[in-house]
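**Student:** could you work out the structure for the sequence below:
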Amino acid sequence: MGLACVLAAGTMFLNGCWLNTLGTNRLFFSAKKVVFGSTLVGAESLPQVVELVNLGSRPLAVGKISVSGSGATAFRIDSRCGTQLAGRSRCSLLVTFTPPDTGVSTAELQVEEGSTAKLESVPVSGAGALDASADVVVYGATPAGVMAAVAAGRRGRSVVLIEPTHRVGGMMSNGLGASDFFPGEVLGGVPKQFFARMQAYYGKDPLSQKGKRFEPHVAEQGFLTLLEEETRISGEIGVGLQSVVKTGTTVTGLELEDGALVHGKEFIDASYTGDVLAAAGVSYTVGREAQSEYGEKTAGVGLPIQLGNRPVSSYVIAGDAGSGLLPHVSDAVVDAVGSADKTVMGYNYRLCLSSDKANQIPIEPPANYDAKEFELAARVITASNPKYGLLELLNLGTLPNEKFDLNNSTASFSMDEIGVNYAYPDGSKEARAAIEAEVKRYMQGMLTFLRTDEQVPEVVRAKLNSLGLCKDEFTDNAGWPNQIYVREARRMVGDYVFNSADVDGQVAVPDAIGVGGYPSDDHIHQIVSLRGQVVREFSRGYNPPLYAIPYRVLTPKETEVTNLLVPVAVSASHVMFDSLRVEQTWMTMGEAAGAAAVLAINEGVAVQRIDTGVLQQLLAGEGVKVAP
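**Tutor:** Presented below is the predicted three-dimensional model:
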């Protein structure tokens, strides 16, 4: 299956291959003990993957899985096991630790083999602490954050990884299973190792596309396994940032929402929203630059384009301005093409859907659902010629095991709720939660409309009615992803801002850390009424050649912070960010950030002053390709 496994005494398999054993028909745990390192009191540790294994040839019933003992309440199990485990197979448990106080908590993880009531157990323990410290502190267990933590841990440095949600792996563990790749053999280093594990897990299944498509829980387990293999990495989940502690241009610690303080020598902001950089006083921007800012031909506000392939009236009563605008159509005036603005492309949830009736949770309509809210969708469909089908209304990426990755279609009024997210990048925790709830409500309503309204083509209704949320995904959230898809939020403004004019002009990149090349991927920014018709507006496309990514995109201005690296909300223009903003390149930049943080410690210099030639050698040693 490809994911790493810890061998228990006298057992079972190695690197996916079963070993000869006594052949006993019983359940085993894959570890002799589960030990959590120092964890902040009241915070939840990074999950540890414990596999339940059936060594024999016949299936075994899986009974109650529990934790017992004096410290049992400090441990939580998220079981990925059903009620039966086939012969010569395994399933996963994610175990987390939340210390109630300082000191050591101990308990036993137990499983009952259903047909015999025999108990198999393994000891679990963990220690609580009031604060934490490490050489490198990574905020955000996104794919980039995981790569950064692994890169630093492999180079001998201690790491604390902090994730404000309860799930490791960012969007790749939250429904984005149909990964975005661009042509060229440019993937290397730890990212390549991750995708190789995905490929090994699915074997020759063509739906996995050699590891490029995967189920959310499989991606999550892959990231967790990478982290577990590095003993120098510890972490917390489910607790966000309160403030940054800073002396001069040096960050000394992160204060978390629960009051705990995490000290470090180097810090990495791997969040999608750039929360640490903003709290640290680093310059950033939100929105789109004008064409004149960096000399980018495709920058700024785009040309408004008709929504649908025939004109659609923007008024409640078609052609009657006095009747008001349709829901989800704005009365905003679109700025001049090429000018700057503060709009943000639409967000959505990347739902994981199943066609397996036994593995479905119905997609329920939101409270107070009203089909009239989606009259715009009805008009776009009715006015289309030829008739819009599924592909014009939404995207369904095929995944292994009868699952699909649901995404937006930029050609239509689709899964992105446009405009409601403009305040998200700089929003408070409460403001962001309200936007997330609204986007969820909108998507529930849109999917209800597309499944049930007779104005929607039968082929579309039939397809969506054959699908449901997955019972075996996001089991802690009723099948709904834990994170919204933040395509773009804050972008750092460093001493250097990477832009498309540099790529077009083939500017030399002496500090290259990886290769990019994904086409500029902007989603709709605005749906507005223009002369009584509905139009959509977003940035014009940009198709770059393969290009070298400069190390400078990771570094803030040296006058602001000298020990912070930013591999996600990087210093790039909106146009260039639209190319960089795929997990493949974020992971590449994350690995570079982890290696650079270690180099800054070893050299005793600011992150802006490390020897990038040495950094390139370190990355090349891991198989990273730094030039096209």
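**Student:** how far does whatever helix or strand Leu52 lives in sit from the chain's center?
**Tutor:** Assessed by DSSP states H and E, Leu52 sits inside strand 48-54. Counting by CA atoms, centre = their mean, to the nearest Å, strand 48-54 is centred 24 Å from the centre of its parent chain.
**Student:** cool, and stretch 242-252?
**Tutor:** 26 Å.
**Student:** before we move on, what about stretch 458-473?
**Tutor:** In terms of CA atoms, centre = their mean, the centre of stretch 458-473 is set 23 Å apart from its chain centre.
**Student:** report the mean per-residue pLDDT for it.
**Tutor:** Per-residue pLDDT values over stretch 458-473 give a mean of 95.
**Student:** buried set for that stretch?
**Tutor:** Judged by neighbour count using 16 or more other CB atoms under 10 Å, the buried positions of stretch 458-473 are 460-461, 463-464, 467-473. C-beta: built from backbone N, CA, C; applies to glycine.
**Student:** likewise stretch 608-621?
**Tutor:** In terms of neighbour count (16+ other CB under 10 Å), stretch 608-621 has its buried residues at 608, 610, 612, 615-616, 618-619.
**Student:** in JSON lines: those, plus secondary structure, pLDDT and distance to Arg167.
**Tutor:** Listed next are the buried residues of stretch 608-621 as JSON lines, based on DSSP: H, G, I helix; E, B strand; the rest coil; pLDDT from 0 to 100; distance: CB to CB, whole Å:
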{"residue": "Gln608", "secondary structure": "helix", "pLDDT": "98", "distance to Arg167": "33"}
{"residue": "Ile610", "secondary structure": "coil", "pLDDT": "98", "distance to Arg167": "32"}
{"residue": "Thr612", "secondary structure": "helix", "pLDDT": "98", "distance to Arg167": "34"}
{"residue": "Leu615", "secondary structure": "helix", "pLDDT": "98", "distance to Arg167": "31"}
{"residue": "Gln616", "secondary structure": "helix", "pLDDT": "97", "distance to Arg167": "33"}
{"residue": "Leu618", "secondary structure": "helix", "pLDDT": "95", "distance to Arg167": "30"}
{"residue": "Leu619", "secondary structure": "helix", "pLDDT": "97", "distance to Arg167": "28"}
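**Student:** ok, the residue nearest to Tyr496 when sequence neighbours are not counted to Pro567 distance?
**Tutor:** Spatial nearest neighbour of Tyr496, chain neighbours left out: Arg552 (4.1 Å); criterion: CB to CB, 6 or more residues apart in numbering. Computed as CB to CB, to the nearest Å, the Arg552 to Pro567 distance reads 12 Å.
**Student:** same thing with Val122?
**Tutor:** Noted for Val122: a distance of 36 Å to Pro567, by CB to CB.
**Student:** ok, those two, which is more surrounded?
**Tutor:** Shown here are Val122 and Pro567; by other CB atoms under 10 Å, Pro567 has more neighbours (31 against 18).
**Student:** look at that one and give its secondary structure.
**Tutor:** For Pro567, the reduced secondary structure class is coil; criterion used: DSSP: H, G, I helix; E, B strand; the rest coil.
**Student:** hang on, isn't it packed against Ala148?
**Tutor:** Yes: with contact taken as CB atoms under 8 Å, Pro567 and Ala148 are classed as touching, separated by 6.3 Å.
**Student:** give the intersection of the neighbour lists for the two.
**Tutor:** Both Pro567 and Ala148 are in contact with 268, 270, 590, 593, where contact means CB atoms under 8 Å, 6 or more residues apart in numbering.
**Student:** just checking, the first one touches Ala595?
**Tutor:** Yep, that's Ile268 we're talking about. No: contact criterion CB under 8 Å: Ile268 and Ala595 do not qualify, at 10.9 Å.
**Student:** strands along the stretch 251-400 of the chain, start to end?
**Tutor:** Assigned by DSSP state E, counting those that start in this stretch, the strands in the stretch 251-400 of the chain fall at 261-269, 284-285, 305-306, 315-317, 320-325, 352-354, 360-361, 395-399.
**Student:** can you redo the shared contacts of Pro567 and Ala148 as a markdown table with pLDDT?
**Tutor:** As requested, the shared contacts of Pro567 and Ala148 are arranged in a markdown table below (pLDDT from 0 to 100):
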| residue | pLDDT |
| --- | --- |
| Ile268 | 98 |
| Ala270 | 98 |
| Gly590 | 98 |
| Ala593 | 98 |
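**Student:** any chance of those residues in JSON lines with distance to Ala332 and neighbour count as columns?
**Tutor:** Putting those into JSON lines (distance: CB to CB, whole Å; neighbours: other CB atoms under 10 Å) gives the following:
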{"residue": "Ile268", "distance to Ala332": "37", "neighbour count": "33"}
{"residue": "Ala270", "distance to Ala332": "33", "neighbour count": "32"}
{"residue": "Gly590", "distance to Ala332": "36", "neighbour count": "33"}
{"residue": "Ala593", "distance to Ala332": "37", "neighbour count": "33"}
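**Student:** of those, which is the nearest to Ser428?
**Tutor:** Checking the shared contacts of Pro567 and Ala148 against Ser428 with CB to CB, the nearest one is Ala270 at 20.8 Å.
**Student:** right, and Lys32 touches Val122 too?
**Tutor:** Yes: judged on CB under 8 Å, Lys32 makes contact with Val122 at a distance of 6.6 Å.
**Student:** quickly note the distance from Ala260 to Gly128.
**Tutor:** When Ala260 is compared with Gly128 (using CB to CB), they lie 11 Å apart.
**Student:** next: Arg350.
**Tutor:** If you measure Arg350 against Gly128 using CB to CB, the figure is 35 Å.
**Student:** can you point out the buried residues in stretch 166-186?
**Tutor:** Buried positions in stretch 166-186, judged by neighbour count with 16+ other CB under 10 Å: 166-179, 181-182, 186.
**Student:** and stretch 501-514, by the same measure?
**Tutor:** For stretch 501-514, the buried set under the neighbour-count rule, 16+ other CB under 10 Å, comprises 501-503, 509, 511-514.
**Student:** narrow these to those in helices?
**Tutor:** Counting by DSSP state H, the part of those found in helices is 501-503.
**Student:** show me where the stretch 51-200 of the chain has strands.
**Tutor:** 60-68, 75-79, 84-85, 89-97, 103-113, 118-129, 131-139, 159-163.
**Student:** helix, strand or coil: sort out the closest residue in space to Ala378 that isn't next to it in sequence for me.
**Tutor:** Leaving out its chain neighbours, the residue that sits closest to Ala378 by CB to CB, 6+ apart is Gln455, at 4.4 Å. Reducing the assignment to helix, strand or coil with three-state DSSP, the entry for Gln455 is coil.
**Student:** distance check, Gln455 against Pro366.
**Tutor:** Computed with CB to CB, the distance linking Gln455 and Pro366 is 19 Å.
**Student:** neighbour count winner among those two?
**Tutor:** The neighbour count for Gln455 versus Pro366, taken as other CB under 10 Å, is higher for Pro366 (18 against 15).
**Student:** contacting residues around Gly281?
**Tutor:** The contact partners of Gly281, by CB under 8 Å, 6+ apart, come to 244, 246, 560-561.
**Student:** list only buried entries from those residues.
**Tutor:** In terms of neighbour count (16+ other CB under 10 Å), the buried residues within the contacts of Gly281 are 244, 246, 560-561.
**Student:** run through the stretch 51-200 of the chain and note the low-pLDDT ranges.
**Tutor:** Judged by pLDDT under 70, the stretch 51-200 of the chain has its weakly predicted residues at 114-118.
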